[in-house]
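*Asks:* Any chance you can model this:
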Amino acid sequence: MSIAPTVIQALKFKGVDFTVVEHPHTSTSVGSAHAAHVAEGLVAKAVLLKDPGGFVLAVVPSSASLDLGKIGRALHRPLGLASEDDLSEAFYDCEPGAVPAVGEDYLIPTIVDERLREVKEVFFEAGDHERLVHISSEGFSKLMEDAEYLPISAPRG
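*Replies:* Okay, the predicted model is just below:
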């Protein structure tokens, strides 16, 4: 596979310059960071959450863990991890488990961890397990213009 069509559309629509970083097949964002020789803190890991009200996409640095308690309290919602079937439904043009950080472009409300405001560049899954999209912090801000920034991560333990 290659970059998911929705990801390409989001980048082009918002006028974000990007490059693609290819790497050996991985199954985690930390694995992608290592395989692409990128610092874990620069890779934006997207986690699909769900409650009876629907989906929410949480985006945190892969060097951290999503704190479900923090995001649930901040949004006043009892969010839990979405199922594999939910992932396939929500990210219909991506390989299973390769969730890009552009939730709004999949019509999914997106919450971004505040730590990602502090980085100069961002990498995120392109929609498969062998490519990362590389953009500037300004480009990431454009992509996340409709997202809310909150402190939703905890140090990875």
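*Asks:* show me where pLDDT drops low in this structure?
*Replies:* Within the chain, the set of residues satisfying pLDDT under 70 comprises 1.
*Asks:* Show me where it has its helices.
*Replies:* Along the chain, counting by DSSP state H, helices occupy 5-13, 29-35, 68-75, 84-90, 137-143.
*Asks:* Reformat these into TSV and put distance to residue 149 and mean neighbour count next to each item.
*Replies:* The way it works is simple: take the backbone N, C-alpha and C, and place the C-beta from them, glycine included. Output for the helices of the chain, formatted as TSV (distance: least, Cβ to Cβ, whole Å; neighbours: other Cβ atoms under 10 Å):
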stretch	distance to residue 149	mean neighbour count
helix 5-13	18	17
helix 29-35	19	20
helix 68-75	11	16
helix 84-90	21	14
helix 137-143	10	19
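*Asks:* Any chance of a markdown table for those, columns distance to residue 20?
*Replies:* Formatted as a markdown table, those follow (distance: least, Cβ to Cβ, whole Å):
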| stretch | distance to residue 20 |
| --- | --- |
| helix 5-13 | 10 |
| helix 29-35 | 13 |
| helix 68-75 | 30 |
| helix 84-90 | 22 |
| helix 137-143 | 13 |
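*Asks:* Out of those, which is closest to residue 130?
*Replies:* helix 29-35 (8.7 Å; Cβ to Cβ).
*Asks:* Which strands and helices lie in contact with that closest one?
*Replies:* strand 43-51, strand 121-125 (3 or more Cβ pairs under 8 Å, 6 or more residues apart in numbering; DSSP states H and E).
*Asks:* deepest of those, which one?
*Replies:* Ranked by mean neighbour count under mean count of other Cβ atoms under 10 Å, the helices and strands packed on helix 29-35 are led by strand 121-125, which reaches a mean of 24.
*Asks:* Could I get the CA-only coordinates of that one as PDB?
*Replies:* C-alpha atoms of strand 121-125 as PDB (Å, rounded to 0.1, in the frame of the first residue of the first chain):
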ATOM      1  CA  GLU A 121       8.800  18.500  13.000                       C
ATOM      2  CA  VAL A 122       6.300  15.700  13.200                       C
ATOM      3  CA  PHE A 123       6.100  12.300  11.600                       C
ATOM      4  CA  PHE A 124       2.900  10.200  11.500                       C
ATOM      5  CA  GLU A 125       1.600   7.000  10.000                       C
END
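*Asks:* Name the residues that touch that strand?
*Replies:* The contact list for strand 121-125 (Cβ atoms under 8 Å, 6 or more residues apart in numbering) reads 21, 29, 32-33, 36, 38, 42-44, 46, 59, 94, 98-102, 116, 131-137, 139-140.
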